[in-house]
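Visitor: Show me how the following folds:
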Amino acid sequence: MIDVERVSSYLLRLQASITGALQDIDGKARFALDEWQRPAGGGGRSMVIRDGAVFEQGGVNYSEVFGDNLPASATAHRAELAGRQFRAMGVSLVMHPDNPYVPTSHANVRFFVAEKTGEEPIWWFGGGFDLTPYYGFQEDCKHWHQVAKQACDPYGAERYNEYKKWCDDYFYLKHRNEPRGIGGLFFDDLNEPDFETAFAFMRSIGDHYLPAYTPIVERHKNDGTLFGLQSGGRTESILMSLPPVVNWRYNYQPPADSAEAELTDYYLKARDWLTQDG
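Guide: The predicted structure is shown next:
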């Protein structure tokens, strides 16, 4: 039996635990809460941190939206969703460090259900997490993927390999001919074998984000030099992932054999990080 309120309660607890842990690691800045409402139905809690001792900017959002009809873009390829009431909820985060030796992290877990009187509900879970380093470290890559595999292992021997590849493919930047980082996990449309198992798997992904990320942050936060929508999507929630200062240098080429060159030549490649040689 689908229990939407349990999913919502879990997601709110997850947001609180993640923001609490990351705020403790930062030690200076605190997450500011912005509660918002969606005119078409629903709302959320955006929690944003900036100008911290560790994090330049980051956000951990909880959103829960609903409505009587999905937008045309959502039903164009899934005609079975047309004419159904929907409810969608999730936690989504992006953390940008000030120190380039600490990687940026992304994570998301979500649930969607569409219902119509007299018919079975259509529902699924999705989510994942991935890591974008600026300087590469083998131990970080192996740790990140070891924890990702631990999150998946209780739910099938092939789960990790399948969702790692999905992540590598989904976040591949075609215009740069490279992945967004060292990957992680990505899954969507998960509704098998039943609600309880799929919900447990989603919780496992959410609960493994902090064990995957915080040891890496702690390891490097004192290293180096600190560098001083058709459905009515909310601009502030979407753009929270944008660093406060962004620049681009034309035709930049890192020096040969430098750490910057190693990042693109070695680390920004889809590979099996769990093997001994990375």
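Visitor: quick one: furthest residue from the center of the protein?
Guide: residue 118 (35.1 Å; C-alpha atoms, centre = their mean).
Visitor: tell me, how many neighbours does residue 20 end up with?
Guide: Neighbour count of residue 20, defined by other C-beta atoms under 10 Å: 12. The way it works is simple: take the backbone N, C-alpha and C, and place the C-beta from them, glycine included.
Visitor: oh, I was asking about residue 78
Guide: Residue 78: 12 neighbours (other C-beta under 10 Å).
Visitor: that's a helix at the residue farthest from the centre of the chain, yeah?
Guide: No - assigned with DSSP: H, G, I helix; E, B strand; the rest coil, residue 118 falls outside any helix and is coil.
Visitor: Check which element follows the one helix or strand in the chain whose mean pLDDT sits lowest along the chain.
Guide: Every helix and strand in the chain was compared by mean pLDDT, DSSP states H and E; the lowest is helix 235-238, with a mean of 55. For helix 235-238, the succeeding helix or strand toward the C-terminus, using DSSP states H and E, is helix 259-262.
Visitor: returning to what we had before: distance check, the residue farthest from the centre of the chain against residue 81.
Guide: Distance from residue 118 to residue 81, counting by C-beta to C-beta, to the nearest Å: 16 Å.
Visitor: Now the terminal residues of stretch 62-81, how far apart.
Guide: With C-alpha to C-alpha, to the nearest Å as the measure, stretch 62-81 spans 24 Å from end to end.
Visitor: let me redo that: stretch 126-140
Guide: OK, stretch 126-140 end separation, C-alpha to C-alpha: 25 Å.
Visitor: what about that stretch, average pLDDT?
Guide: Regarding stretch 126-140, the rounded mean pLDDT is 96.
Visitor: Could you do stretch 21-40 as well?
Guide: Mean predicted confidence for stretch 21-40 is 96.
Visitor: For that stretch, C-alpha coordinates in PDB please.
Guide: Only the C-alpha atoms of stretch 21-40 are listed here, as PDB (Å, rounded to 0.1, in the frame of the first residue of the first chain):
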ATOM      1  CA  ALA A  21      25.600  17.700   9.700                       C
ATOM      2  CA  LEU A  22      26.900  20.100   7.100                       C
ATOM      3  CA  GLN A  23      26.300  23.100   9.300                       C
ATOM      4  CA  ASP A  24      28.400  21.400  12.000                       C
ATOM      5  CA  ILE A  25      31.200  20.700   9.500                       C
ATOM      6  CA  ASP A  26      31.200  24.300   8.400                       C
ATOM      7  CA  GLY A  27      31.400  25.700  11.900                       C
ATOM      8  CA  LYS A  28      30.700  29.300  10.800                       C
ATOM      9  CA  ALA A  29      27.700  29.800   8.700                       C
ATOM     10  CA  ARG A  30      24.200  28.500   9.300                       C
ATOM     11  CA  PHE A  31      21.500  27.400   6.900                       C
ATOM     12  CA  ALA A  32      18.800  30.000   6.400                       C
ATOM     13  CA  LEU A  33      15.200  28.700   6.000                       C
ATOM     14  CA  ASP A  34      12.900  30.000   3.400                       C
ATOM     15  CA  GLU A  35       9.400  28.500   3.400                       C
ATOM     16  CA  TRP A  36       7.500  29.100   0.100                       C
ATOM     17  CA  GLN A  37       4.200  28.300  -1.500                       C
ATOM     18  CA  ARG A  38       3.500  27.300  -5.000                       C
ATOM     19  CA  PRO A  39       0.400  29.200  -6.300                       C
ATOM     20  CA  ALA A  40      -0.700  26.100  -8.300                       C
END
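Visitor: Okay then, goodbye and thanks.
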